[in-house]
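Colleague: Mind folding the following:
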Amino acid sequence: MAEVENSLAELRQTFRSGRTRSVAWRKTQLRALLDLIRDKEDLIFEALYQDLGKHPVEAYRDEVGVVKKSATHALSNVEKWMAPKKGDLPLVFFPAKVEVLPEPLGVVLIFGSWNFPFDVTLDPLIGAISAGNAVVIKPSEHAPASSAFLAKTLPIYLDDSAIKVIEGEAGVSEQLLQHKWDKIFFTGSPRVGRLVMTAAAEHLTPVTLELGGKCPVILDSLSNPSDAKVAVKRIIGGKWGACSGQACIGVDYVLVEDKFKSNLIELLKKTIKKFYGENPINSKSIARIVNKQQFERLRNLLQDPLVSASIVHGGSLDEEKLLIEPTILLNPPLDADIMTEEIFGPLLPIITLDNIKESIDFINSRPKPLAIYAFTKDGTFKRQILAETSSGSVTFNDILVQFVCDSLPFGGVGQSGFGRYHGKYSFDNFSHEKAVMQRSFFLELEPRYPPWNDFKLKFIRLAYNFDYLGILLALMGLKR
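Modeller: Alright, predicted model coming up:
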């Protein structure tokens, strides 16, 4: 508690000094972050392997490369983002000028996640720095090697009086939430998100919650062999290739017409073998489950007899290595935990439908997902999906790629969270757009003041309707 109090006091003093508001400070921190990524890449790879068993290629693709790209993008654009935006004024306000001035919120708190402990911690930090805030980062205790690396290394590269890392178990997070912040950014489960939101409400602190959800794949057709191969590769990449399914925007389940199920399963099996070999448990290209608690949770999902009976591929587990083989299930019970809870692991249910158009009703009968993935060439069906479903994002004919696109906002809706970030949206997330109006002492409009009369009412009606000719005639005492 003493560490938290002292850190907060220093951060508030730093922010009040105004140092973090300058473009020079913001750019210096972004360059320093890029230096850190460049200098310590091998150590980051090592930490990610220790925490999650991620291969360096996966670690660079999903974490190091994404942070580098994001910081470079922010560095190139931060001056433009900071610039006041001129606004238009109705003639009735003449002479005056207006602008919208982005200003930093103050001292903000960022909770990192364990599944992407560098990207999902440092990407929000890039937005907070770009916006000129002082920051506390609380890395996830479930990725201890990554947390220790951030705690040790960030103070060396970044301004330690304005950006601090506080490690600890859940009790430390609870202590942090007892304090007043100017913004809280949280990535994690809906259960913990509710606790964060409840604590923030005590101080009326605004929050961004990135919570995930059961992200479906709508697979329209497998009739074209070439398209089918590409779709299956992307489904596998979006399920087992992203932290072994431990990703909030990873594939949770697949919806496909019943007549295509056999073809889909065979293609999945063939491609899994190509990607991960005969025994995926021994593959170096698949991440492990983060800890025993999560491993047990996933094992329990499979222990339901009706669920285990639906396994058509995989199902092997190695408790010592915390590895689970890519597992495919065909039509598990829809009321089973595997279909009502976010799986967050390498288990892939396939749900068959008589007609793929039924997928819209299926998705709408469940909480709003963070992402919907739809493989289809049918333009009418695409428009139907966009118009009749609600989700944080929709991606057609690919998976996960929307996450690394800086020009798109990333965030959820409903139970999958709220608030958005990435690129300029990260800057906006940690900024307040302050409205500024400047008027002249010249040209006073007396109808705005009492005593009231019919003429003043008429004048105000015209002003609010922006009837400039009517205003001019009224001032001249003339009628149309």
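
Colleague: Please tell me how far the residue nearest to L105 when sequence neighbours are not counted sits from S390.
Modeller: In space, L105 comes closest to D182 once its chain neighbours are excluded; the distance is 4.1 Å by Cβ to Cβ, 6 or more residues apart in numbering. From N, CA and C alone the C-beta is placed, and that goes for glycine too. Applying Cβ to Cβ, to the nearest Å, the value for D182 to S390 is 30 Å.

Colleague: Then W25?
Modeller: 40 Å.

Colleague: helices or strands up against the helix or strand R297 falls within?
Modeller: Here R297, judged by DSSP states H and E, is contained in helix 292-303. With contacts defined as 3 or more Cβ pairs under 8 Å, 6 or more residues apart in numbering; DSSP states H and E, the secondary structure elements packing on helix 292-303 are strand 323-324, helix 337-340, strand 347-353.

Colleague: Single out the most deeply packed of those.
Modeller: Mean neighbours per residue, mean count of other Cβ atoms under 10 Å, is largest over the helices and strands packed on helix 292-303 for strand 323-324, with a mean of 24.

Colleague: That one - what's its average pLDDT?
Modeller: Averaging pLDDT along strand 323-324 gives 96.

Colleague: what sits up against that strand?
Modeller: The contact list for strand 323-324 (Cβ atoms under 8 Å, 6 or more residues apart in numbering) reads 53, 244, 281, 286, 288-289, 295, 298-299, 316-318, 345-347.

Colleague: try it again with 7 Å
Modeller: I281, R288, I289, L298, L317, G345, P346 (Cβ atoms under 7 Å, 6 or more residues apart in numbering).

Colleague: Next: stretch 378-385.
Modeller: So stretch 378-385 is in contact with D220, I360, I372, A374, T376, V394, F396, going by Cβ under 7 Å, 6+ apart.

Colleague: Please apply the same query to stretch 60-71.
Modeller: 30, 33-34, 37, 41, 44, 48, 116, 118-119, 122-123, 126, 242, 404, 406.

Colleague: Report the two members of those separated by the largest distance.
Modeller: L30 and A242 (26.5 Å; Cβ to Cβ).

Colleague: pLDDT below threshold where in the stretch 151-300 of the chain?
Modeller: Within the stretch 151-300 of the chain, no stretch falls below the threshold (pLDDT under 70).

Colleague: Going along the chain, name the helices of the stretch 351-480 of the chain.
Modeller: Assigned by DSSP state H, counting those that start in this stretch, the stretch 351-480 of the chain shows helices spanning 359-364, 379-388, 424-429, 454-464, 468-476.

Colleague: can you list the domains in the chain?
Modeller: Domain ranges of the chain: 2-211+421-433, 216-411, 444-476, per automatic domain parsing.

Colleague: quick one: the first one to chain centroid distance?
Modeller: I take that to be domain 2-211+421-433. Relative to its chain's centre, domain 2-211+421-433 lies at 13 Å (Cα atoms, centre = their mean, to the nearest Å).

Colleague: cool, and the second one?
Modeller: In this view, domain 216-411 has its centroid 19 Å away from the chain centroid, taken as Cα atoms, centre = their mean.

Colleague: Please name the nearest non-neighbouring residue to H313.
Modeller: I328 (4.1 Å).

Colleague: Please work out which residues outside the helix or strand encompassing T153 touch it.
Modeller: Element membership for T153, per DSSP H and E: helix 144-157. Helix 144-157 is contacted from outside by 32-33, 35-36, 40, 43-44, 47-48, 50-51, 117-118, 121, 137, 139-141, 163, 165, 167, using Cβ under 7 Å, 6+ apart.

Colleague: What about those, which are in strands?
Modeller: I137, I163, V165 (DSSP state E).

Colleague: out of these, which one sits closest to Y276?
Modeller: Once Cβ to Cβ is applied, the member of the ones in strands among the contacts of helix 144-157 that ends up nearest Y276 is I137, at 34.0 Å.

Colleague: Report the contact partners of the closest one.
Modeller: When contacts are counted by Cβ under 7 Å, 6+ apart, I137 touches I110, G112, T121, L125, L150, V165.

Colleague: which ones are touching the third one?
Modeller: If I follow you right, that is T121. I110, G112, I137, P139, L150.

Colleague: Can you lay out those as CSV showing distance to S426?
Modeller: Compiled in CSV, those are given as follows (distance: Cβ to Cβ, whole Å):
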residue, distance to S426
I110, 11
G112, 15
I137, 15
P139, 18
L150, 18
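
Colleague: what about the residue nearest to H313, how many residues close to it?
Modeller: 22 (other Cβ atoms under 10 Å).

Colleague: Show me where the stretch 1-150 of the chain has its helices.
Modeller: Under DSSP H, counting those that start in this stretch, the stretch 1-150 of the chain gives helices at 2-17, 23-39, 41-52, 56-59, 65-82, 119-130, 144-157.

Colleague: okay, those helices in TSV with distance to S189 next?
Modeller: Formatted as TSV, the helices of the stretch 1-150 of the chain follow (distance: least, Cβ to Cβ, whole Å):
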stretch	distance to S189
helix 2-17	23
helix 23-39	27
helix 41-52	17
helix 56-59	23
helix 65-82	22
helix 119-130	13
helix 144-157	18
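
Colleague: Right, I'll leave it there.
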